[in-house]
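K.L.:
Dropping the sequence and predicted coords here.
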Amino acid sequence: GFGELAEEAAEGRLPDPKKVSLRPKTDLRYIGKTQPLLDAPLFVTGQATYAADVQLPGLLVAVVARPPVVGARVERYDGEAAKKIPGVKAVVEIPAPLAPWGFKVWGAVAILADNTWAALRGREALAITWSGSSNAGYDSAAFRTELEAAVAEPGEVRRSRGDAPDALAKGSKTVEATYYVPHLPHLPMEPPCATARLIDGKLEVWACTQNPQTAQKSAAEATGMDPKDVVAHVTFLGGAFGRKSKGDFIAEAAYLTKQVGAPVRVQWTRTDDIHNDFFRVGGFEQMKGAVDPSGKLAAWDQHYIGFSRGGRPVIGSGLRGNELPQAVMKQARVRQSFMEIATNCGAWRAPGSNTNAFVEQSFLHELAELAGRDHVEFLIELLGERRWTDEGNVNALNTGRAIDAIRLAAEKAGWGRKMPSGSALGLAFYFCHAAHVAEIAEVTVDEGRNFRVDRVTVAVDVGPIISMSGAISQVQGSVVDGLSTMALQQITMKDGVIQE
């Protein structure tokens, strides 16, 4: 099994890759096949262990009162009132870190009790007074206005081919559009949750973590222990999407168990989850494009306005400059500018790509309409000859594979067929994470402009697939996630506090 291979690899007994003969595809029993989900019986019978299911002798449940604004500190609270709640065992203040806050525990007050209900009631009784914060002036509506104004700045040029501004001026037809992208929460089915226990100088943590190494490091830092003395147990995730790659909730549990000398489970509520998330980064983009008299895309000018903290782009903010279509165009300019923001942002399901795909593909459709062209043919013409845009780089766009994915999606969706009144087909293609993905949505809009997505057809080329059932689930989940994102989901803030 894999364990035996791991032992050989650890000992350095590795074969020469050039001399290894791969088995023919006809001999493969599992790779590329649909396999039953081995954990399914646990899920459907309620036997799966999620983070909130962990039980230990003498376990205390903790809920934490965290600052409403990043950087605010505890000034005073009524710990005695909290202790009067039946079941409450302890009130512990978690020290605030120094800026930059990053993904650290922000500083808070924890209520530890025999059960979750008692802990929640104890938190309500704290009546905490918080200090002010330099981040209390953040207003998402006002910040959007600032983002829109920032497009007048020259910006940093990420890619420049030819003379896009000149080509725009000479274009037969031109179109401009602006796109605003809001902050988004992760909203995993199970909010963050972690349990910790310290015995004889050894710390164990159980958590719904995407990154056990980060869990181990965060717990060690919170307790001042050597990471070698920390063991991280990974439970089922209960959804994550990037949020649970951070160790703040694990650090809380580790700190508290050391303080009270008993096992502690830190339980987050949905409200805790939303108000203390590391959100998807927002942004604003200005797009300009031109088509020539023959209906071909002639120029592309893109200005991305993103967020930075301490002068560095936050996770998911910024452009590489090699996205489609600029990677295949002769007249293209891509610029980016950044504005400082204090709101904590983090990885959110394909950082960067999940916003840029929406903007770039929406604008390509605008250009196809401007040219009076069929969107599929317009896009395939743009991709040109079949080639790697960066020869030998598997993380680069392959136009041939892109064309095949687009054509397959179009074929399976019945592209070009006569549609009922109020219904239409829409196309998007994107390349990222070495995946060529084309999607066609069949959408119905009624007289009140209410829409319904009737069907989504997806064609994906990611190379060899190990688990077909896993790949299908990933695609289906991504479509559902994309629909919820598209349906005006957003986080708004006023005075630095989450509103909704």
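P.N.:
That came through, no problem. This structure is a prediction, so every number in the text was calculated from the model and none was measured.
K.L.:
Please verify my assumption that Gly372 contacts Ser294.
P.N.:
No. If you go by C-beta atoms under 8 Å, Gly372 and Ser294 don't touch, sitting 10.9 Å apart. Just so you know, the C-beta spots here come from the backbone N, C-alpha and C atoms, and that holds for glycine as well.
K.L.:
Run through who's touching the lowest-mean-pLDDT helix or strand in the chain.
P.N.:
In the chain, no helix or strand scores lower on mean pLDDT, DSSP states H and E than helix 2-10, which sits at a mean of 80. By C-beta atoms under 8 Å, 6 or more residues apart in numbering, the list of residues contacting helix 2-10 from outside reads Leu14.
K.L.:
repeat that for 10 Å
P.N.:
Arg13, Leu14, Pro15 (C-beta atoms under 10 Å, 6 or more residues apart in numbering).
K.L.:
One more: stretch 27-37?
P.N.:
22-23, 25, 43, 464-473.
K.L.:
what kind of secondary structure is the residue nearest the centre of the chain in?
P.N.:
In the chain, the residue lying closest to the centroid (C-alpha atoms, centre = their mean) is Trp348, at 1.0 Å. Secondary structure, DSSP: H, G, I helix; E, B strand; the rest coil: Trp348 is coil.
K.L.:
picking that back up, so which of the contacts of helix 2-10 belong to helices?
P.N.:
Per DSSP state H, helices hold no members of the contacts of helix 2-10.
K.L.:
hang on, the earlier thing: any chance of the contacts of stretch 27-37 in JSON lines, with distance to Leu98 too?
P.N.:
Formatted as JSON lines, the contacts of stretch 27-37 follow (distance: C-beta to C-beta, whole Å):
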{"residue": "Leu22", "distance to Leu98": "53"}
{"residue": "Arg23", "distance to Leu98": "56"}
{"residue": "Lys25", "distance to Leu98": "56"}
{"residue": "Phe43", "distance to Leu98": "42"}
{"residue": "Pro464", "distance to Leu98": "47"}
{"residue": "Ile465", "distance to Leu98": "46"}
{"residue": "Ile466", "distance to Leu98": "44"}
{"residue": "Ser467", "distance to Leu98": "44"}
{"residue": "Met468", "distance to Leu98": "49"}
{"residue": "Ser469", "distance to Leu98": "47"}
{"residue": "Gly470", "distance to Leu98": "42"}
{"residue": "Ala471", "distance to Leu98": "44"}
{"residue": "Ile472", "distance to Leu98": "47"}
{"residue": "Ser473", "distance to Leu98": "42"}
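K.L.:
Nearest to Glu442, out of those residues: which one, please.
P.N.:
Of all the contacts of stretch 27-37, Glu442 sits closest to Ile472, with 19.5 Å by C-beta to C-beta.
K.L.:
Quick check: closest non-adjacent residue to the closest one.
P.N.:
Closest residue to Ile472 apart from its sequence neighbours, by C-beta to C-beta, 6 or more residues apart in numbering: Thr34 at 7.6 Å.
K.L.:
residues near that neighbour, how many?
P.N.:
By the criterion of other C-beta atoms under 10 Å, Thr34 has 10 neighbours.
K.L.:
again, but for Ile85
P.N.:
18.
K.L.:
Going by contacts, tell me the helices and strands next to the lengthiest strand in the chain.
P.N.:
With secondary structure taken from DSSP state E, the chain has its longest strand at strand 297-309. Packing partners of strand 297-309 (3 or more C-beta pairs under 10 Å, 6 or more residues apart in numbering; DSSP states H and E): helix 140-149, strand 156-161, helix 164-170, strand 173-181, strand 283-291, strand 332-340, helix 353-371, helix 375-383.
K.L.:
residue ranges with poor pLDDT in the protein?
P.N.:
1 (pLDDT under 70).
K.L.:
give me every residue that touches Asp229.
P.N.:
Counting by C-beta under 10 Å, 6+ apart, Asp229 has contacts Leu198, Asp200, Gly201, Lys202, Leu203, Glu204, Gln216, Ala219, Ala220, Thr223.
K.L.:
quick one on the thing from earlier: buried ones among the contacts of stretch 27-37?
P.N.:
For the contacts of stretch 27-37, a burial check counting by 16 or more other C-beta atoms under 10 Å picks out Ser467.
K.L.:
all helices of the stretch 101-250 of the chain, in order?
P.N.:
116-125, 140-149, 164-170, 212-223, 248-260 (DSSP state H, counting those that start in this stretch).
K.L.:
the inter-axis angle of the longest one versus helix 212-223?
P.N.:
So the one you mean is helix 248-260. 40 degrees (axes from the mean of the first three to the mean of the last three C-alpha atoms, to 10 degrees).
K.L.:
circling back to that earlier point, kindly present the contacts of stretch 27-37 as JSON lines, with separate columns for secondary structure and distance to Ala142.
P.N.:
Shown next, in JSON lines, are the contacts of stretch 27-37 (DSSP: H, G, I helix; E, B strand; the rest coil; distance: C-beta to C-beta, whole Å):
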{"residue": "Leu22", "secondary structure": "coil", "distance to Ala142": "58"}
{"residue": "Arg23", "secondary structure": "coil", "distance to Ala142": "61"}
{"residue": "Lys25", "secondary structure": "helix", "distance to Ala142": "58"}
{"residue": "Phe43", "secondary structure": "helix", "distance to Ala142": "45"}
{"residue": "Pro464", "secondary structure": "coil", "distance to Ala142": "49"}
{"residue": "Ile465", "secondary structure": "coil", "distance to Ala142": "46"}
{"residue": "Ile466", "secondary structure": "coil", "distance to Ala142": "48"}
{"residue": "Ser467", "secondary structure": "strand", "distance to Ala142": "47"}
{"residue": "Met468", "secondary structure": "helix", "distance to Ala142": "48"}
{"residue": "Ser469", "secondary structure": "helix", "distance to Ala142": "47"}
{"residue": "Gly470", "secondary structure": "helix", "distance to Ala142": "44"}
{"residue": "Ala471", "secondary structure": "helix", "distance to Ala142": "43"}
{"residue": "Ile472", "secondary structure": "helix", "distance to Ala142": "44"}
{"residue": "Ser473", "secondary structure": "helix", "distance to Ala142": "41"}
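K.L.:
Which members of the contacts of stretch 27-37 are the farthest-apart pair?
P.N.:
Leu22 and Phe43 (34.6 Å).
K.L.:
Following element in sequence after the longest strand of the chain, please.
P.N.:
strand 312-313 (DSSP states H and E).
K.L.:
counting contacts, what elements does that next one pack onto?
P.N.:
strand 332-340.
K.L.:
Report the angle between the strand it packs on and strand 283-291.
P.N.:
170 degrees.
K.L.:
any idea how far Thr444 lies from Ala409?
P.N.:
19 Å (C-beta to C-beta, to the nearest Å).
K.L.:
How about Ala141: what's its closest non-neighbour residue?
P.N.:
Using C-beta to C-beta, 6+ apart, the nearest residue to Ala141 is Thr492, at 7.2 Å.
K.L.:
typo on my end, it should be Ser245
P.N.:
Gln210 is the one closest to Ser245 (C-beta to C-beta, 6+ apart), at 4.3 Å.
K.L.:
That neighbour and Gly242 touch, don't they?
P.N.:
Yes. Judged on C-beta atoms under 10 Å, Gln210 makes contact with Gly242 at a distance of 7.5 Å.
K.L.:
quick revisit: got the contact list for the residue nearest to Ala141?
P.N.:
Thr492 touches Asp139, Ser140, Ala141, Arg144, Pro182, His183, Ile498, Gln499, Glu500, counting by C-beta under 10 Å, 6+ apart.
K.L.:
now Ala52
P.N.:
61, 116, 190-191, 193-195, 208, 235, 238, 265, 267-268.
K.L.:
top of those by neighbour count?
P.N.:
Ala194 leads the contacts of Ala52 on contacts (other C-beta under 10 Å) with 33 neighbours.
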